[in-house]
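Participant: I would like the atomic coordinates for the input below:
(chains A, B, C and D)
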There are 4 protein chains.
Amino acid sequence: MKDAAAYDKWYGYTHPSPALLAESVYGMTEFARDRLRGARVVANPGCYPTATLLALGPAVQHGLIGDDVIVDAKSGVSGAGHNVDDAFLYGTIDGSVRTYGVPTHRHTPEIAQGLCDLGSAPPRLTFAPHLIPMTRGLIATCYATLREGVTAAQVTEAYQDTYRDEPFVRVTRSFPATKATLGSNWCLVHATVDEANRRLVAVGALDNLVKGAAGSAIQNMNAVLGLPERLGLEALPLWP
Amino acid sequence: MKDAAAYDKWYGYTHPSPALLAESVYGMTEFARDRLRGARVVANPGCYPTATLLALGPAVQHGLIGDDVIVDAKSGVSGAGHNVDDAFLYGTIDGSVRTYGVPTHRHTPEIAQGLCDLGSAPPRLTFAPHLIPMTRGLIATCYATLREGVTAAQVTEAYQDTYRDEPFVRVTRSFPATKATLGSNWCLVHATVDEANRRLVAVGALDNLVKGAAGSAIQNMNAVLGLPERLGLEALPLWP
Amino acid sequence: MKDAAAYDKWYGYTHPSPALLAESVYGMTEFARDRLRGARVVANPGCYPTATLLALGPAVQHGLIGDDVIVDAKSGVSGAGHNVDDAFLYGTIDGSVRTYGVPTHRHTPEIAQGLCDLGSAPPRLTFAPHLIPMTRGLIATCYATLREGVTAAQVTEAYQDTYRDEPFVRVTRSFPATKATLGSNWCLVHATVDEANRRLVAVGALDNLVKGAAGSAIQNMNAVLGLPERLGLEALPLWP
Amino acid sequence: MKDAAAYDKWYGYTHPSPALLAESVYGMTEFARDRLRGARVVANPGCYPTATLLALGPAVQHGLIGDDVIVDAKSGVSGAGHNVDDAFLYGTIDGSVRTYGVPTHRHTPEIAQGLCDLGSAPPRLTFAPHLIPMTRGLIATCYATLREGVTAAQVTEAYQDTYRDEPFVRVTRSFPATKATLGSNWCLVHATVDEANRRLVAVGALDNLVKGAAGSAIQNMNAVLGLPERLGLEALPLWP
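Facilitator: Model prediction:
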C-alpha cells in the first residue's frame, strides 16, 4: 500500500518505515517492468491480487469496464500458510466450502490500489474469498460492467494484445482449471462477455504458492536485476 | 419456467405440455406453501436456484435490494448427476476448480423467474457456477446493490423474520460451511452488508442431493398433501 | 484388556480399577450378546479391532486359519479424534498416505485378545495402520494362512452362516468400498482365498465414527438393556 | 516377464515376440545397471513392482527374510491411467477406499520374478492393491518373516548400504508420506522390525507417474546410453 495509514486500518499495525513507501514498486511484474529495473524496494503482490489484476488488467487498461467490480475468489488452504488451527484441519476442510473475510480481507485495498494503478477510477470493489477443499490453486472470478459500446471482440483483442508476449500469462479459450497451473509460475486468464447483462466475467487461475507467492518474487527479482524473467521458473505444471 | 418458449431457448427442447405450465406451482416450499396445498403439478427447483432464492428471498421480499444481481455458485460434482465423462473423473476434479456455463447455464432463467416471483423487477442477473473438488454440497454467493437508506439492521431483521419458523432454513451468525448440511435437508443462510460499497453479500449453503433435490421434492409433496413438512426429512447432518 | 498390566505396557497408564476388569464384557456385540445382557461394565471396541474382528471372526470361529495374522488397515483422519496438530492439517493429509504405529499401536493387543476370545491361539499378529486422505471410513485388510484342507467353499459358508441374521454386518460379493457405509452402523465384510498361496484375505469396512465408535456403543447399550438392537441405528448410508 | 507363457496366463494375450524375451533387461535401474548399459530391449517396471522391489530389495539381497511375503499396496487413481469409467469418477473415489485385484493382479508375477532376480526363492507372495482417494502417489507396505538370528541393526545396515549412493532412493528415519515425492523421481524407503513377531515391515513410497512410470523409463534410458542417471529427472517434489 502506498498510503501508510492503510496499514493501521487494514493490517492492524503501523508501518515502521513509511518513508520507504514512496520509493517502493508494486511488483505486478507484467504491468511494472519499467519501474522494477533497478528498484530498491519491491512489494510482492498477494496471491488474490495477482490473479485479480491479471484477470482484469487488460479490461482496465483498455478502458472497457466501469468501476463497479466484484471479485469472488476461491483458494486452496495453502493460501493461509502453515497454520495449525482447527479451521485448517483435514476434517474441517474436506468436502466443504465457505466464504470468509467479507468485507474486511486485507487484500481488498491492495486490489483496489492495483486497479487504480492500471487506470481505473477508485473502484466500488467487493472482494469475497472462499476456502475450498484443495491444497494449492486459486481462482479469482471477476465481474464488472462493460462500458457502453464495448464489444466482445474488443474484449478478446485486449486480452490477446496484453498477454501476447508474456512468459507466464496465457489467455485460454475456455474457463481454465486451476490444476493446469500446479507447480508452475503460470497464470491462466479467460474473459467472456455476458451480453444480455452487459457484464464482463474474467477469471485468473494460478498456483498460489508459485505465481501467487515465491514465483512472482523470483520473477520480480529477475526484473530488478535485468536477468531473463524465466530464470528459475521454467517448471511445467504437473498433470493430473 | 412459466414461459414455454424458454424451454426452447435454454433447455434445447420444446415443452411437450405447455397447457400444464399455467397450472404448475414452482416449489420453493418456503415461499409457496399456500399454492402447493393440493397442487396437481409442482416444478421442483434446481439445486442452484434453491440456494440462491433462499439466500436472496428475504432481501427481495422486503425490498432491500435493486435488480442488479450476481450469483457466483460453487458445487460438488454430484450436482452433475451420475455422469461418466472425462470432466468428472477423480483425476480431473481433485485439486482443481473451474468456472463453467457462463452465461448459458439453464438455471439462469429459473433464478431470474424465482426472483421476480418474490417481487423483484426482472433482474440484470449474471450467474456463474463453479465445479469444486467435493462430492456433495453447494454454496451460492449472491451480490446485490442495497437500496438507498437500507441499513444492516434492516437486513438482519428481514432474514430473521423470514426464516424464524422455517423447519429447514437456518440463519447463521457467520458464513456457513456447506459441510454443516451434509445429508440433511437444511439450508444455511447468512447475509452481510459491505457498507463501503453499499452491497449485500448473501450466501445459501445446502446439500445439493437433499435440500437441492430429492429433499425439496419430499418437502413439497408433504406440503401438497397437507402432511407435516418434516416428515421423512428429520435426518441430521453428519459431521465431520 | 482383561490383563491390568497391559494398560501400563500399551497405554502408558495404570488401570485405576483393575477389580472391575474381570466383570467387564468386551463389547463386540455380534460375538458377545449373551454376556452383554445385563452387564454392568462394557468395554466398547476400538474402530480398528471392530473391523478386524468382524473380518476374521468367522474364519477363527470355524477353525479355518492359523495364528499367523497380518492386519493392514487404512483409516480416514477422524479416527484420530478432533486433534489440532500439524499431522492432521489439510495440507498434510490431502494427496498422501503413510503408515504409522508399527509395531506399537494400542489396538494391537486389543485385536490379539479379541482373536483369542473367538478361539484363536495367541496370534503372531502384526498390525499396521495407515492414514489416508479421507475424513470418515476405515478398512482392515487381514491376511492369514489357511489350515490344510480348508476350501474356498468352506470359507464362503462360514461367513454366510455367521452373519446371516446380523442387522449390521453384510457379507458382500466383491471387495467393498468404505464409502458404502457412510453415516451408517454397517460393517461390510468380504473374504477371498488366494489359493496359490493358501491364504485368506478378508476385509472389514465401516464408518469409524459409527460402527467403529458411538454406533457400536449404542448397539451394546441396546443389548445390555434387552432393547431391539437396531434402535437408534436405522440410518442408511449416504451415497455418494 | 521372462516366461512367454506368463503373458497368456496373467495378461490375457500371447506375447508377439517371445524371441526377444531372453535378451530383454528388467529395468529396476538400481539393481540392473550393469545389464542396462547398451541394452536393446528394456522392460520398464510397473508402479507397484518398483515400490515393492525397492522396499524389499536390500532384505532379499542380504538374505534377511524368508520367501513368505505379503504386499499390501495403496495407490492414487492415476495408476489406472486415463480411464473414463464409473469406477474412477470423483463421486466414486472421493472419501472411499477399496481392495481390488486379489489374487489376480498382473503385477503379482512381475513382483515375484523381481524378488527371484534379487536372490529370493520363489516367494509365497500375496499382493493386494487398494485404490485410495488421491490422484498421484503409491505406497507398498511389505511384510515378510525375518530369518532366524537376524537383528534390527542388520536390517538398518542393509538398507543404508544398498541405497547410500542412489540418486533417487532415500532411506527415511520414519514412515514416509507419499506426498513427499510428488512430481519427483524419488522413492522413499523405510524398514522396521516387529520384533515380537519376527517380521520385517518395509515400505516404498513414490509418485506413480514418475518413479513408477515415465521417470523410471528416463532413468533406464540414461543408464542404457551411459548418460548421467539424473539427466532430466532433477525436479524436486512439490510441497504441500
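Participant: Name all residues that make contact with residue A:209.
Facilitator: Applying C-beta atoms under 8 Å, 6 or more residues apart in numbering or on different chains, we find residue A:209 in contact with A:78, A:136, A:215. Every residue, glycine included, has its C-beta placed from N, CA and C.
Participant: Regarding the second one, what is its secondary structure?
Facilitator: The one in question is residue A:136. Put simply, residue A:136 is coil when judged by DSSP: H, G, I helix; E, B strand; the rest coil.
Participant: Now it: phi and psi?
Facilitator: phi -120, psi 160 (degrees, to the nearest 10).
Participant: Kindly indicate the member of the contacts of residue A:209 with the most neighbours.
Facilitator: In terms of neighbours by other C-beta atoms under 10 Å in any protein chain shown, the contacts of residue A:209 top out with residue A:136 at 28 neighbours.
Participant: Hmm, residue A:207 and it touching each other?
Facilitator: Yes: because the distance of 5.3 Å satisfies C-beta atoms under 8 Å, residue A:136 is recorded as touching residue A:207.
Participant: what is in contact with these two at once?
Facilitator: A:178, A:182, A:183.
Participant: The second one: how many residues sit nearby?
Facilitator: Taking other C-beta under 10 Å as the criterion, the count of residues near residue A:182 is 27.
Participant: Return the residues of chain A in contact with chain C.
Facilitator: Residues of chain A lying close to chain C (C-beta under 8 Å from any C-beta of the partner chain) are A:77-78, A:82-86, A:88-95, A:133-135.
Participant: Out of those, which end up buried?
Facilitator: Neighbour-count burial (16 or more other C-beta atoms under 10 Å in any protein chain shown) applied to the residues of chain A next to chain C gives A:77-78, A:88-95, A:133-135.
Participant: Of the residues of chain A next to chain C, which fall within the contact range of chain B?
Facilitator: Answer for the residues of chain A next to chain C near chain B (C-beta under 8 Å from any C-beta): A:91, A:92, A:94, A:95, A:133, A:134, A:135.
Participant: Tell me the one of those nearest residue A:60?
Facilitator: Closest approach to residue A:60 among those (C-beta to C-beta): residue A:134, at 28.8 Å.
Participant: Can you show me the strands along chain A?
Facilitator: A:25-26, A:42-43, A:65-75, A:98-99, A:124-131, A:138-146, A:169-171, A:187-194, A:199-206 (DSSP state E).
Participant: For chain A, name the helix or strand with the lowest mean pLDDT.
Facilitator: Lowest by mean pLDDT, DSSP states H and E among the helices and strands of chain A is helix A:4-6, with a mean of 91.
Participant: mind checking how far that one is from the chain centre?
Facilitator: Taking the mean of its C-alpha atoms, helix A:4-6 sits 21 Å from the chain's own mean (C-alpha atoms, centre = their mean, to the nearest Å).
Participant: List the contacts of residue A:135.
Facilitator: A:76, A:77, A:78, B:95, C:90, C:91, C:94, C:95, D:240.
Participant: out of the residues you listed, which are inside helices?
Facilitator: In helices, judged by DSSP state H, the following of the contacts of residue A:135 are found: C:90, C:91.
Participant: Determine the longest helix present in chain A.
Facilitator: In chain A, taking DSSP H as the definition, the longest helix is helix A:47-61.
Participant: Neighbours of the closest residue to residue A:99 other than its chain neighbours, how many?
Facilitator: In space, and not counting its chain neighbours, residue A:99 is closest to residue B:175: 4.1 Å by C-beta to C-beta, 6 or more residues apart in numbering or on different chains. Residues near residue B:175, counting by other C-beta under 10 Å, number 22.
Participant: Ignoring the adjacent residues along the chain, who's closest to the residue of chain A most remote from its centre?
Facilitator: Computed with C-alpha atoms, centre = their mean, the residue of chain A farthest from its C-alpha average is residue A:91, at 28.8 Å. Leaving aside its chain neighbours, residue A:91 sits nearest to residue B:240 (3.9 Å; criterion: C-beta to C-beta, 6+ apart).
Participant: For chain A, what lies in contact range of chain D?
Facilitator: Residues of chain A lying close to chain D by C-beta under 8 Å from any C-beta are A:78, A:94, A:95, A:135, A:136, A:182, A:183, A:235, A:238, A:240.
Participant: For those, work out which two are farthest apart.
Facilitator: Largest pairwise distance in those, by C-beta to C-beta, is 30.2 Å, between A:95 and A:235.
Participant: on that earlier part again, buried stuff in the longest helix of chain A?
Facilitator: Result for helix A:47-61 [16+ other C-beta under 10 Å]: buried residues A:47-60.
Participant: quick one: it to strand A:124-131, angle?
Facilitator: Using axes from the mean of the first three to the mean of the last three C-alpha atoms, to 10 degrees, the direction of helix A:47-61 lies 140 degrees away from that of strand A:124-131.
Participant: Give me the residue ranges of chain A where confidence is low.
Facilitator: Along chain A, no part satisfies pLDDT under 70.
Participant: so who does the residue nearest to residue A:91 touch?
Facilitator: Contacts of residue B:240 by C-beta under 8 Å, 6+ apart are A:91, A:92, A:94, B:179, C:78, C:135, C:136.
Participant: and the gap between the first one and residue C:208?
Facilitator: By that I understand residue A:91. 12 Å (C-beta to C-beta, to the nearest Å).
Participant: okay, and the common contacts of those two?
Facilitator: residue C:78.
Participant: hang on, isn't residue A:82 packed against residue C:91?
Facilitator: Yes: here residue A:82 lies in contact with residue C:91, judged by C-beta under 8 Å, at a distance of 7.2 Å.
Participant: What's the separation between the closest residue to residue A:213 other than its chain neighbours and residue A:1?
Facilitator: Residue nearest to residue A:213 in three dimensions, not counting chain neighbours: residue A:47, with 6.0 Å by C-beta to C-beta, 6+ apart. To residue A:1, residue A:47 is 16 Å away according to C-beta to C-beta.
Participant: and what of residue A:83?
Facilitator: Taken as C-beta to C-beta, the span from residue A:83 to residue A:1 is 23 Å.
Participant: do the same with residue A:124
Facilitator: Taking C-beta to C-beta, one finds residue A:124 at 19 Å from residue A:1.
Participant: pretty sure residue A:115 is in contact with residue A:55, am I right?
Facilitator: No: counting by C-beta under 8 Å, residue A:115 sits too far from residue A:55 to count as a contact (10.9 Å).
Participant: Across the sheet, point out what pairs with the spatially closest residue to residue A:199 that is not a sequence neighbour.
Facilitator: Spatially, and ignoring its direct neighbours in sequence, residue A:199 is nearest to residue B:126 (5.1 Å; C-beta to C-beta, 6+ apart). Legend: beta-bridge partners of residue B:126 under DSSP bridges are residue B:70.
Participant: Could I get the contacting residues of residue B:126?
Facilitator: A:143, A:194, A:197, A:199, A:201, B:69, B:70, B:71, B:102, B:103.
Participant: Which of these sits closest to chain C?
Facilitator: Relative to chain C, the closest of the contacts of residue B:126 is residue B:71; by C-beta to the nearest C-beta it sits at 25.5 Å.
Participant: Neighbours of that closest one, how many?
Facilitator: 28.
Participant: Surely residue A:1 is in contact with residue A:7?
Facilitator: Yes: with contact taken as C-beta under 8 Å, residue A:1 and residue A:7 are classed as touching, separated by 6.4 Å.
Participant: picking up where we left off before, would you mind giving the ones next to chain B among the residues of chain A next to chain C as JSON lines with distance to residue C:153 added?
Facilitator: Formatted as JSON lines, these follow (distance: C-beta to C-beta, whole Å):
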{"residue": "A:91", "distance to residue C:153": "43"}
{"residue": "A:92", "distance to residue C:153": "48"}
{"residue": "A:94", "distance to residue C:153": "42"}
{"residue": "A:95", "distance to residue C:153": "42"}
{"residue": "A:133", "distance to residue C:153": "45"}
{"residue": "A:134", "distance to residue C:153": "47"}
{"residue": "A:135", "distance to residue C:153": "48"}
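Participant: Please give me every residue in contact with the nearest residue to residue A:83 once chain neighbours are set aside.
Facilitator: Nearest residue to residue A:83, sequence neighbours excluded (C-beta to C-beta, 6+ apart): residue C:89, at 7.9 Å. Going by C-beta under 8 Å, 6+ apart, residue C:89 touches A:77, A:82, A:83, A:84, A:88, A:89, A:90.
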